[in-house]
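**Student:** using only what follows, build the 3D model:
(one chain, ligands or ions: 2)
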Amino acid sequence: MIASPKRSRVLSGHRPTGPLHLGHLVGALENWVHLQDEHDCFFAICDWHALTSEYSRKSPLREWTEVVAAEWLAAGIDPERATLFVQSDVKEHAELHLLLSMLVPLPWLERVPTFKEQQQQLSDRDLNTYGFLGYPVLQSADILIYRAHLVPVGEDQVAHIEFTREVARRFNSLYGEVFPEPTARLTETARLPGTDGRKMSKSYGNSINLGDEPAKIREKIARMVTDPARVRRSDPGNPDVCPVFTIHQAFTGQKQRDEIDQGCRTAAIGCLDCKKILSDRVLERIAPLQARRAELVGDRKKLAGILAAGADRARQVAGETMKEVRERMLGRT
Ligand code: TRP
Ligand code: SF4
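**Tutor:** Numbering: from 1, shown residues only. Ligands and ions are numbered 1, 2, ... in the order given. Okay, the predicted model is just below:
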């Protein structure tokens, strides 16, 4: 297996807070699948991170963790080439989180923009906790423990990667060079809109999930908002302001997209035709994924085996880093 020291290391993670949707597929997963070719990749399902906001709600964390694992594998994460694991299987993350917390200044945490934003957005629960404040420290531990160079994430995570770099620098200046400073690798695809035109997100209830039945996907797309100025079939539309067209950009080839663009502007095609084409393209693209997903979700034994092997490999790398960290901080290994 893998582990050529010349290949640069990649780590990314995701909180298991529900099923994955098309935005995850084109925004992150497909990118991760490509990274596997040239990098030593670690992909973590961060159930401890999920707990920072779910601790009071009896969320089915384990079930979501398994679904995310099945969906990653179905999308093409290859456990022979990449290390797929569950964060809470590798206790070393918690140890590094604790040790880093000794040297992270409180003001660094208070000024991370997601801290106040999330507290305001998720106002239905108490996020004024020690664990939630420490969210970025745990994320730094996830990244630094593998001495990752690259962290493929969306725009919303850039502040956390910047934070991680500062933590690495502070550790290195106090205890000597242990951690490389990781770089965020932004996904190129524009953020996918959901059925209501806002960003696709589980919390908005506007997402098209990878596990939705094909008929359900057609129905969701058929009900999507379009260019609001296109009221009648005979009105010309503007694809530039239409969320349906934005999704076409991720799923439909250039030639057919140009035809739709033209057809929309001249009212030669109707929104229903346009949406039918989009449903066809989406379903075509995810059909193999859906088939593999169904297989994996039904084979918990196989999933458990893959996750156990991933955790073993992750633990091995994390353990080596921790030896060095303990040596430097505590004078023991
Ligand atoms: N905070 C990330 C998110 O909400 C998830 C995450 C946890 C992560 N640990 C990570 C992402 C390490 C990248 C690297 O999406
Ligand atoms: Fe949007 Fe397509 Fe309707 Fe044009 S034809 S407004 S791109 S749904």
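**Student:** you'd agree S59 is up against S53?
**Tutor:** No: assessed by Cβ atoms under 8 Å, S59 is found out of contact with S53, at 9.2 Å. Bear in mind the C-beta positions are built from the backbone N, C-alpha and C, glycine included.
**Student:** what do these two both touch?
**Tutor:** Counting by Cβ atoms under 8 Å, 6 or more residues apart in numbering, the shared contacts of S59 and S53 are T17.
**Student:** so for these two, which residue has more residues nearby?
**Tutor:** S53 (20 against 16; other Cβ atoms under 10 Å).
**Student:** export only the CA atoms of stretch 291-308, formatted as CSV.
**Tutor:** C-alpha atoms of stretch 291-308 as CSV (Å, rounded to 0.1, in the frame of the first residue of the first chain):
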residue,chain,number,x,y,z
ALA,A,291,-25.5,1.4,-7.2
ARG,A,292,-22.3,1.1,-5.2
ARG,A,293,-23.8,3.1,-2.4
ALA,A,294,-26.8,0.7,-2.1
GLU,A,295,-24.4,-2.3,-2.0
LEU,A,296,-22.3,-0.8,0.7
VAL,A,297,-25.0,0.5,2.9
GLY,A,298,-26.3,-3.1,3.0
ASP,A,299,-22.9,-4.6,3.8
ARG,A,300,-22.1,-3.2,7.2
LYS,A,301,-19.5,-5.9,7.7
LYS,A,302,-17.5,-4.8,4.7
LEU,A,303,-17.8,-1.1,5.7
ALA,A,304,-16.6,-1.9,9.2
GLY,A,305,-13.6,-3.8,7.8
ILE,A,306,-12.6,-0.9,5.6
LEU,A,307,-12.9,1.6,8.5
ALA,A,308,-10.9,-0.6,10.8
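**Student:** next one: it to chain centre, how far?
**Tutor:** Offset of stretch 291-308 from its chain centre (Cα atoms, centre = their mean, to the nearest Å): 20 Å.
**Student:** also stretch 35-53?
**Tutor:** The answer for stretch 35-53 is 8 Å, by Cα atoms, centre = their mean.
**Student:** which parts of the stretch 1-150 of the chain sit against ligand 1?
**Tutor:** 11-15, 46, 49, 139, 142-143 (Cβ under 6 Å from any ligand atom).
**Student:** take those and lay them out in a markdown table including secondary structure, neighbour count and pLDDT.
**Tutor:** Shown next, in a markdown table, are these (DSSP: H, G, I helix; E, B strand; the rest coil; neighbours: other Cβ atoms under 10 Å; pLDDT from 0 to 100):
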| residue | secondary structure | neighbour count | pLDDT |
| --- | --- | --- | --- |
| L11 | strand | 25 | 98 |
| S12 | strand | 23 | 98 |
| G13 | strand | 19 | 98 |
| H14 | strand | 20 | 97 |
| R15 | coil | 22 | 96 |
| C46 | coil | 24 | 98 |
| H49 | helix | 24 | 97 |
| Q139 | helix | 25 | 98 |
| D142 | helix | 27 | 98 |
| I143 | helix | 28 | 98 |
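**Student:** quick one: which of those residues is nearest to G211?
**Tutor:** Sorting these by distance to G211 puts H14 at the head of the list, at 15.3 Å, by Cβ to Cβ.
**Student:** in the stretch 1-150 of the chain, what residue lies closest to ligand 1?
**Tutor:** Residue of the stretch 1-150 of the chain nearest ligand 1, by Cβ to the nearest ligand atom: G13 (3.1 Å).
**Student:** confirm for me that that residue is in contact with C46.
**Tutor:** Yes: between G13 and C46 a contact is recorded at 4.5 Å, counting by Cβ under 8 Å.
**Student:** show me where the stretch 201-333 of the chain has helices.
**Tutor:** 214-222, 243-251, 254-265, 271-297, 300-330 (DSSP state H, counting those that start in this stretch).
**Student:** what residue in the stretch 51-200 of the chain comes nearest to ligand 2?
**Tutor:** As assessed by Cβ to the nearest ligand atom, ligand 2 sits closest to G197 within the stretch 51-200 of the chain, at 10.6 Å.
**Student:** now do the SS call for that residue.
**Tutor:** coil (DSSP: H, G, I helix; E, B strand; the rest coil).
**Student:** how near is it to T226?
**Tutor:** Applying Cβ to Cβ, to the nearest Å, the value for G197 to T226 is 9 Å.
**Student:** quick check: neighbours shared by these two?
**Tutor:** Common neighbours of G197 and T226 (Cβ under 8 Å, 6+ apart) are P243.
**Student:** what about the two, which has more around it?
**Tutor:** A count of neighbours by other Cβ under 10 Å puts T226 above the other of G197 and T226, at 22 against 17.
**Student:** return every residue with contacts to both of G13 and C46.
**Tutor:** What both G13 and C46 touch, as defined by Cβ under 8 Å, 6+ apart, is the set 87, 139, 142.
**Student:** nearest residue to the first one in space, please, no chain neighbours.
**Tutor:** Think Q87. Sequence neighbours aside, C46 is the residue nearest to Q87 in space, at 4.5 Å (criterion: Cβ to Cβ, 6 or more residues apart in numbering).
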